[in-house]
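Visitor: Build me a model from this:
(one chain, ligands or ions: 2)
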Amino acid sequence: MRTSLLARALLLPFCLAADTLIPSTVFDTTATLEQYFTYNYPWGGDTHNGGARMDKAHVSIASAGTLTITAQHVTGQPPATHGGNQIAINYLSGAIGAKQHFTVPKGGGLIFSGSFQATTTKGTWPAFWLTAVNGWPPEVDMAEWKGSGKISFNTFNTSSVLSWKDVAYSNPGTFHDIKCQVRDLNGQDVQVKYWLNGVEVTTHYGKDYTGKPLYLIINLQMEGSSGSPGPTTNTTYSVKNLLVTTL
Ligand SMILES: *[C@@H]1O[C@H](CO)[C@@H](O)[C@H](O)[C@H]1NC(C)=O
Ligand SMILES: *[C@@H]1O[C@H](CO)[C@@H](O)[C@H](O)[C@H]1NC(C)=O
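Guide: Ligands and ions are numbered 1, 2, ... in the order given. Predicted structure coming up:
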């Protein structure tokens, strides 16, 4: 009893020492959004691996506390080039990337959480993900919806070994809570745990992720991995209560 009280007294200061890296007030105003995020992809560029071209006009604070990205069907856009291939651009949409890079330190970890309203219809590809600043992987898809009625959680253990978990996703019109914890396992590799609506879904591992800086991206890509054609009406993707802390 005495030992456990002593242990708790010693551990308590460390438990309280979690740092907030992005506060849950981040989407209160456009000014707070722009304090923590830039528009488009954080490595530069307005297109990536799907049929949307990103711009600032399709990202808004729809109401205080809620980020909303709208994908709008368009014609006449020049194609994107990705991996040596041309991709038809059929949408204008939005992406934001965190200004800071996130690094899992030896012996530590990071927690990313938020509440998401995302579509699961064909041709819509909303995502909440981490990817390597230098080289690739790391990549952790903390949540992505690939137009199949499901939500997917993926970790690239290595560039050739992907761990993935697809889960049935009901009521896409409402907000769902996502949490992802990435923690150092052995000074080199990380353990990645995923929660959906407070229920732990799966655990993956990332090889050699510790100490490597990561980009955080929230984007509404279209078509690509989610199939085509996508919708001709507007698609929205909303996020609130985003929070990033250390473990
Ligand atoms: C992934 O990486 C970890 C850490 O290196 C390793 O233990 C595990 O076997 C790897 N493979 C899979 C499929 O998770
Ligand atoms: C679709 O979204 C665009 C960009 O936000 C907006 O200008 C347009 O009015 C929207 N259209 C409809 C029908 O809501």
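
Visitor: buried set for the longest strand along the chain?
Guide: With secondary structure taken from DSSP state E, the chain has its longest strand at strand 235-246. Residues 235-245 are the ones in strand 235-246 that count as buried (16 or more other CB atoms under 10 Å). (Glycine included, C-beta is placed from N, CA and C.)

Visitor: Could you report the neighbour count for residue 189?
Guide: 15 (other CB atoms under 10 Å).

Visitor: so it makes contact with residue 207?
Guide: Yes - using CB atoms under 8 Å, residue 189 is in contact with residue 207, at 5.3 Å.

Visitor: ok, back up a step: in its sheet, what does the longest strand of the chain sit against?
Guide: Strand 235-246 has its sheet partners listed here by DSSP bridges as strand 20-22 (antiparallel), strand 66-73 (antiparallel), strand 109-117 (antiparallel).

Visitor: With mean pLDDT, mean neighbour count and distance to residue 56 as added columns, please give the ones you listed in CSV.
Guide: Shown next, in CSV, are the strands paired with strand 235-246 (pLDDT from 0 to 100; neighbours: other CB atoms under 10 Å; distance: least, CB to CB, whole Å):
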stretch, mean pLDDT, mean neighbour count, distance to residue 56
strand 20-22, 98, 17, 19
strand 66-73, 98, 21, 11
strand 109-117, 98, 21, 21
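
Visitor: low-scoring stretches of the protein, by residue?
Guide: 1-16 (pLDDT under 70).

Visitor: Show me which residues of this structure are close to ligand 2?
Guide: 58, 70, 72, 234 (CB under 6 Å from any ligand atom).

Visitor: now those residues as JSON lines including distance to ligand 1?
Guide: Formatted as JSON lines, these follow (distance: CB to the nearest ligand atom, whole Å):
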{"residue": "58", "distance to ligand 1": "36"}
{"residue": "70", "distance to ligand 1": "37"}
{"residue": "72", "distance to ligand 1": "39"}
{"residue": "234", "distance to ligand 1": "39"}
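
Visitor: and the helix or strand harbouring residue 154, C-alpha only, in CSV?
Guide: Applying DSSP states H and E as the criterion places residue 154 in strand 150-158. C-alpha atoms of strand 150-158 as CSV (Å, rounded to 0.1, in the frame of the first residue of the first chain):
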residue,chain,number,x,y,z
LYS,A,150,-16.4,1.9,-44.3
ILE,A,151,-13.7,3.7,-42.3
SER,A,152,-10.1,2.6,-42.6
PHE,A,153,-7.2,2.7,-40.2
ASN,A,154,-3.8,2.0,-41.8
THR,A,155,-0.1,2.0,-40.7
PHE,A,156,2.7,1.5,-43.1
ASN,A,157,5.0,-0.7,-41.1
THR,A,158,7.5,-0.4,-43.9
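
Visitor: so what strands line up beside it?
Guide: Strand pairing (DSSP bridges) places strand 150-158 next to strand 139-144 (antiparallel), strand 161-168 (antiparallel).

Visitor: re the thing from before, any chance of the strands paired with strand 235-246 in a markdown table, with distance to residue 41 too?
Guide: Formatted as a markdown table, the strands paired with strand 235-246 follow (distance: least, CB to CB, whole Å):
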| stretch | distance to residue 41 |
| --- | --- |
| strand 20-22 | 18 |
| strand 66-73 | 13 |
| strand 109-117 | 18 |
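
Visitor: about what we covered before: let me know the closest of the buried residues of strand 235-246 to residue 37.
Guide: Distance to residue 37 across the buried residues of strand 235-246 (CB to CB) is lowest for residue 242, with 9.7 Å.

Visitor: mind checking how far residue 93 is from residue 52?
Guide: Separation of residue 93 from residue 52 (CB to CB, to the nearest Å) stands at 4 Å.

Visitor: Geometric centre of the chain: which residue is closest?
Guide: residue 128 (1.8 Å; CA atoms, centre = their mean).
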